[in-house]
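Chemist: sequence unknown, structure follows:
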């Protein structure tokens, strides 16, 4: 556990020291949401209907921005070799790096989501469900993204390849997350959609680190 926390702390310190990636993710999220009213018009009724989907798509794309560097720096400076030789299982190392990615990208997006939803005219009763759906869904994005990042490690134009690989896998999370908010807006219960999101997270937590670790071993072989 101490090695896991040390790796998590190291990744957080390195990311916060540079600060550029985190700022870029948040700026991209805000700008993407702000552009939608300019494109579809200022009508609040229309914006309110599409607000959940807009916030979720913006969060998904913003999360994608920082994924191509998840293992790249360790791969380039040789730290990945040390991680593979350390007593900490590689699967646990992957989980620590995915958690660091979520803390730096997913969590700030969740905190910003009510403000973005208010700007788009989403009714206040839906804000808690939007935040909860992001709380369940964004960790899935980080975990799935870790698999894609490991698979494209060292590849030319890895960012474009990463997007092609994992965007289809993000679709169920996007659908369930947006549908949960839409259900509340139409007077229905969001419980089934939130349970499906929870199921996605429960499946991704054990499976994604195993898959990513296997891809990293293949990349280093």
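Modeler: All right, it came through fine. Only a predicted model underlies this, so the values are computations on that prediction, with no experimental measurement involved. Numbers count the residues shown, from 1 in each chain.
Chemist: any buried residues in the helix or strand of the chain with the lowest mean pLDDT, and which?
Modeler: Here the helix or strand of the chain ranked lowest by mean pLDDT, DSSP states H and E is helix 72-77, holding a mean of 78. Residues of helix 72-77 classed as buried: 72, 74, 75 (neighbour count, 16 or more other Cβ atoms under 10 Å). C-beta: built from backbone N, CA, C; applies to glycine.
Chemist: so who does the last one touch?
Modeler: It refers to residue 75. 153, 154, 219 (Cβ atoms under 8 Å, 6 or more residues apart in numbering).
Chemist: least confident of those?
Modeler: Lowest model confidence among the contacts of residue 75 falls on residue 154, which carries 71.
Chemist: state the helix or strand in which the nearest residue in space to it that is not next to it in sequence lies.
Modeler: Spatial nearest neighbour of residue 154, chain neighbours left out: residue 219 (5.9 Å); criterion: Cβ to Cβ, 6 or more residues apart in numbering. Element membership for residue 219, per DSSP states H and E: helix 191-220.
Chemist: and for residue 32?
Modeler: Here residue 32 sits within helix 20-40, counting by DSSP H and E.
Chemist: look up how far residue 62 lies from the residue lying farthest from the centre of the chain.
Modeler: Most distant residue from the mean C-alpha position of the chain: residue 43, 29.7 Å away (Cα atoms, centre = their mean). Distance, residue 43 to residue 62, by Cβ to Cβ, to the nearest Å: 25 Å.
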